[in-house]
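Student: Whatever this is, show me its structure:
(2 chains)
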Number of protein chains: 2
Amino acid sequence: MQYGIFSYQNETPRVGIRHGNRVVDLSVLAELGVFDFDSSVFYELFLNEFIALGKEVHQRARTQVQTWLTNNEIHPEAYLSVDEVTMHLPVRIGDYTDFYSSIEHATNVGKMFRDPENALLPNWKHLPVGYHGRASSIVVSGTDIRRPSGQVKTNAMDTPEFRPSERLDFELEMAFIVGKDSTFGEPVNIADAEDYIFGIALFNDWSARDIQKWEYVPLGPFLGKSFASSLSPWITELADLEPFRTAGPVQDPAPLPYLASGVSAPNFDIELEVTLTPKDGTPTVISRSNTKYLYWSMAQQLTHHTSNGCNVRVGDLMASGTISGKDASSYGSLLEISEGGRKPFPLEDGSQRAFLADGDTITLRAHAERDGTRLELGEVTGRII
Amino acid sequence: MQYGIFSYQNETPRVGIRHGNRVVDLSVLAELGVFDFDSSVFYELFLNEFIALGKEVHQRARTQVQTWLTNNEIHPEAYLSVDEVTMHLPVRIGDYTDFYSSIEHATNVGKMFRDPENALLPNWKHLPVGYHGRASSIVVSGTDIRRPSGQVKTNAMDTPEFRPSERLDFELEMAFIVGKDSTFGEPVNIADAEDYIFGIALFNDWSARDIQKWEYVPLGPFLGKSFASSLSPWITELADLEPFRTAGPVQDPAPLPYLASGVSAPNFDIELEVTLTPKDGTPTVISRSNTKYLYWSMAQQLTHHTSNGCNVRVGDLMASGTISGKDASSYGSLLEISEGGRKPFPLEDGSQRAFLADGDTITLRAHAERDGTRLELGEVTGRII
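Tutor: Numbers count the residues shown, from 1 in each chain, chains lettered A, B, ... in the order given. Next comes the predicted model:
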């Protein structure tokens, strides 16, 4: 199921699930006695307490909700239109980690910033490269994003200036939410890694390329990213994705044993789409990509993350990194689409973009489809102000 | 005052202050009616709720506790010996940021890993370089630290191996705890930055240099650091440090206006000491340093961090980075003391170290002293297992 935190008018936020164009209020179902577990979790302001109950309870919740939905007429108190509710950040996020798991993205960026002949660094195919991100500035889809200022120094400048970013970008990512605490000092085995994943959600890791370029050596991205990231209000349970499992890219060289899952289909076939809509303008689809392109699987990311004994906690968020496909129609950032800003691309309304203009809205969408079953994973939007 | 979370026997942890070799139980003082504000915060498991009350309340707490201590005999229920209590992690840490603010440390590391002639990267003197760290694995002083395993690839190896770290190190740091939420999208002015700092605490950012070396390009330190960091159980209020203010190093070039505080004494003169004690062995003091060496002040760190609109929250932790002085007797890491492991140094018991051995305990201590006033800032210990 897809879980979120919603509010109706001025009422306190609570837990709901998405059911087509409706939100089912699980606190109402709790009052109706639908659940056989402690359903006070559905009155919380975040999903963490529900998530912490564990997969066995999540499975019971699924069965009990579905049975109720099947056996009951639409119950007006429990059903709300998605248009009449306000969605909130679904999870109290502990730590946020951003990986760099798309080989196409890493290659594109490596060609631009480092060496076109050796775009991938030597470690890239041996481990899922990642870094710690900023959790405080993760906001729910729909939140306006203020253009950040920061220190910038281009090659033409002798000294840096503090000014608004001129190279504001999005990053098309898929995140997962940790569903179970691990123990400090104890790695999570690759075979158990998916037990620690509650679900997934679309994620836009906004990036200011000019700020990033000047600050990022030697300790990695910092203020070029930390001004904001946008998260889907809906978390899709991992169980919902089973029909869409698929093989990932062949991993050559073979991963070290601690990262070798032996699973033939660790990836998911989820179609992604990015739309750019100028202020008062027409939307233009600027990219179509797919999570199946990711070189490193979520299980490998989580196991690698804990391989040194680092503990994960319910509500931690781990994002994939930008998901790019093989050509420009499937790149997951403007940096790649506009080739570092050198090749602006046209929009439907006749204007051009290399990076984001004030008033632009970026919308990420995701769905999976197989054998007639279609799963909408919702959208993430944000407008630059 | 110095605040911490303690427990006595099997009782629930609560808030105390350090008073010499005693802990004053603020929940007992609350019951005695000492405070004129909502003192339920002293029954919390972390200091966050107290901190969030703001500096005006902290000042009242200070006056009310000191008045009570002056006017009352030792009240056995409220006073416990530090030896008979268990200390806990004092703060529910939101985001953890680690800076790199010691010019001596950055220079030493730059010489070793990059170019001896251009040890500092071009951005270093223009902004406080920092990165996001891992909050989940910050543990209270006294917690044993398990030697991490990870991918290692030395120059002599063709492919990486997964193995226990052979270059395990400490980092001598001072951290501060954010005392006030800032607003998403709005920078904190340098003149207001200290209003957002509740207090400071010693911090050991354990590091596995071999894991770090292989993984850290291009996105910065990750598993080489995230296995554990150790925090002092006592947070010293910023107000306690006023007598120990001092000028920092001259900043040349002058910082950009958003980082220019105009304050003549933004640093603090706090003496630091590092002791290494082998299993069943004699302690050896291996470094003496001072927080006054830090090139970038805490106010500059916080203002820079929010300059892109990134919000900070009560309980966020920002650490200084390794604090090294001018010569080997004041270096804040074994990497520097042993010159990258090439020059092992002798211990009092006749053994040698380049990096940490199993059973070694590292103890950081801090105190400030001026005009006959001495302030103990406590200690941070951790033993390698």
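Student: Next, the contact list for A:Ser40, please.
Tutor: A:Ser40 makes contacts with A:Ala30, A:Glu49, as judged by C-beta atoms under 8 Å, 6 or more residues apart in numbering or on different chains. The C-beta positions use only the backbone N, C-alpha and C, and glycine is treated the same way.
Student: Run through the residues that contact the residue nearest to A:Glu49 when sequence neighbours are not counted.
Tutor: Closest residue to A:Glu49 apart from its sequence neighbours, by C-beta to C-beta, 6 or more residues apart in numbering or on different chains: A:Val41 at 4.3 Å. Neighbour list for A:Val41: A:Val15, A:Glu49, A:Phe50, A:Leu53 [criterion: C-beta under 8 Å, 6+ apart].
Student: which of these lies closest to B:Leu32?
Tutor: In terms of C-beta to C-beta, no member of these lies closer to B:Leu32 than A:Glu49, at 34.9 Å.
Student: separation between the closest one and chain B?
Tutor: According to C-beta to the nearest C-beta, to the nearest Å, A:Glu49 stands 16 Å off from chain B.
Student: Likewise for A:His19?
Tutor: In terms of C-beta to the nearest C-beta, A:His19 sits 31 Å off from chain B.
Student: Spatially nearest residue to that residue, not counting backbone neighbours?
Tutor: Spatial nearest neighbour of A:His19, excluding adjacent residues (C-beta to C-beta, 6+ apart): A:Leu69 at 7.0 Å.
Student: any idea how far that neighbour is from chain B?
Tutor: 37 Å.
Student: what is the rounded mean pLDDT of the helix or strand containing that residue?
Tutor: With secondary structure defined by DSSP states H and E, A:Leu69 is part of helix A:55-71. Helix A:55-71 comes out with an average pLDDT of 96.
Student: got the buried residues for that helix?
Tutor: Going by neighbour count (16 or more other C-beta atoms under 10 Å in any protein chain shown), the buried part of helix A:55-71 is A:Lys55, A:Val57, A:His58, A:Ala61, A:Gln64, A:Val65, A:Trp68, A:Leu69.
Student: And these, which is closest to chain B?
Tutor: The closest of those to chain B turns out to be A:Lys55 (C-beta to the nearest C-beta; 20.6 Å).
Student: hang on, isn't the closest one packed against A:Gly179?
Tutor: Yes. Counting by C-beta atoms under 8 Å, A:Lys55 does reach A:Gly179; the two are 6.9 Å apart.
Student: Spell out which residues are contacts of both of those two.
Tutor: In terms of C-beta under 8 Å, 6+ apart, A:Lys55 and A:Gly179 are both contacted by the residues A:Asp195.
Student: What residue spans form the domains of chain A?
Tutor: With domains defined by automatic domain parsing, chain A comprises A:2-88, A:96-383.
Student: out of the ones you listed, deepest packed?
Tutor: For the domains of chain A, average neighbour numbers computed from mean count of other C-beta atoms under 10 Å in any protein chain shown are highest in domain A:96-383, which has a mean of 20.
Student: Need the distance between the two termini of that domain.
Tutor: Counting by C-alpha to C-alpha, to the nearest Å, you get 22 Å between the two ends of domain A:96-383.
Student: ok, now stretch A:340-359?
Tutor: End-to-end distance for stretch A:340-359, by C-alpha to C-alpha: 21 Å.
Student: Give the rounded mean pLDDT of it.
Tutor: Average pLDDT, stretch A:340-359: 97.
Student: touching chain B at all, it?
Tutor: No. Stretch A:340-359 does not reach chain B (C-beta under 8 Å from any C-beta of the partner chain); its nearest approach is 14.0 Å.
Student: a markdown table for the buried residues of helix A:55-71, including distance to A:Phe355?
Tutor: Output for the buried residues of helix A:55-71, formatted as a markdown table (distance: C-beta to C-beta, whole Å):
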| residue | distance to A:Phe355 |
| --- | --- |
| A:Lys55 | 42 |
| A:Val57 | 45 |
| A:His58 | 41 |
| A:Ala61 | 43 |
| A:Gln64 | 48 |
| A:Val65 | 43 |
| A:Trp68 | 48 |
| A:Leu69 | 45 |
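Student: what about the residue in the stretch 151-300 of chain A that chain B sits nearest to, distance to B:Met318?
Tutor: For the stretch 151-300 of chain A, the residue closest to chain B is A:Gly220, as judged by C-beta to the nearest C-beta, at 2.4 Å. Using C-beta to C-beta, to the nearest Å, one gets 16 Å for the distance from A:Gly220 to B:Met318.
Student: same deal with A:Asp280?
Tutor: Using C-beta to C-beta, one obtains 41 Å as the distance from A:Asp280 to B:Met318.
Student: residue ranges of the helices in chain A, please?
Tutor: Remark: helices assigned in chain A by DSSP state H are A:26-31, A:48-51, A:55-71, A:103-113, A:209-215, A:223-226, A:298-306, A:334-337.
Student: For the fourth one, name the packing helices and strands.
Tutor: Going back to what we said before, that points to helix A:103-113. With contacts taken as 3 or more C-beta pairs under 8 Å, 6 or more residues apart in numbering or on different chains; DSSP states H and E, helix A:103-113 sits against helix A:334-337.
Student: Spell out whether the helix it packs on and chain B are in contact.
Tutor: No. Counting by C-beta under 8 Å from any C-beta, chain B is not contacted by helix A:334-337; separation bottoms out at 14.1 Å.
Student: Centre of the chain to that helix, how far?
Tutor: 18 Å (C-alpha atoms, centre = their mean, to the nearest Å).
Student: swap in stretch A:58-73?
Tutor: For stretch A:58-73, the distance to the chain centre is 27 Å (C-alpha atoms, centre = their mean).
Student: Which residues does that stretch contact?
Tutor: Stretch A:58-73 has contacts (C-beta under 8 Å, 6+ apart) with A:1, A:17, A:19, A:24, A:26, A:29, A:32, A:34-37, A:50-51, A:198, A:237, A:239.
Student: Which pair of these spans the longest distance?
Tutor: So, the contacts of stretch A:58-73 by C-beta to C-beta: farthest apart are A:Leu32 and A:Phe198, at 24.8 Å.
Student: Show me which residues of the stretch 51-200 of chain A sit near chain B.
Tutor: Checking the stretch 51-200 of chain A against chain B by C-beta under 8 Å from any C-beta, the hits are A:94-95, A:100, A:113-114, A:121-123, A:126-127, A:129-137, A:139, A:146, A:148-151, A:153, A:159-162, A:184-185, A:187.
Student: do that again at 6 Å, thanks
Tutor: Residues of the stretch 51-200 of chain A found near chain B (C-beta under 6 Å from any C-beta of the partner chain) are A:95, A:121, A:123, A:126-127, A:129-137, A:146, A:148, A:150-151, A:160, A:162, A:185.
Student: Go ahead and confirm A:Ala368 touches A:Leu375.
Tutor: Yes. Counting by C-beta atoms under 6 Å, A:Ala368 does reach A:Leu375; the two are 4.6 Å apart.
Student: pLDDT at the residue of chain A most remote from its centre, what is it?
Tutor: When distances are taken from the C-alpha mean of chain A, A:Asp158 lies farthest, 37.7 Å away, according to C-alpha atoms, centre = their mean. Listed pLDDT for A:Asp158 reads 95.
Student: Contacts only, for it.
Tutor: A:Asp158 makes contact with no residue, according to C-beta atoms under 6 Å, 6 or more residues apart in numbering or on different chains.
Student: Please, where are all the strands along the stretch 201-350 of chain A?
Tutor: With strands called from DSSP state E, counting those that start in this stretch, the stretch 201-350 of chain A shows them at A:207-208, A:229-231, A:235-237, A:245-246, A:267-268, A:271-277, A:284-290, A:317-319, A:345-346.
Student: For the third one, name the packing helices and strands.
Tutor: Under the contact definition 3 or more C-beta pairs under 6 Å, 6 or more residues apart in numbering or on different chains; DSSP states H and E, strand A:235-237 sits against strand A:197-204.
Student: No further queries at this time; thank you.
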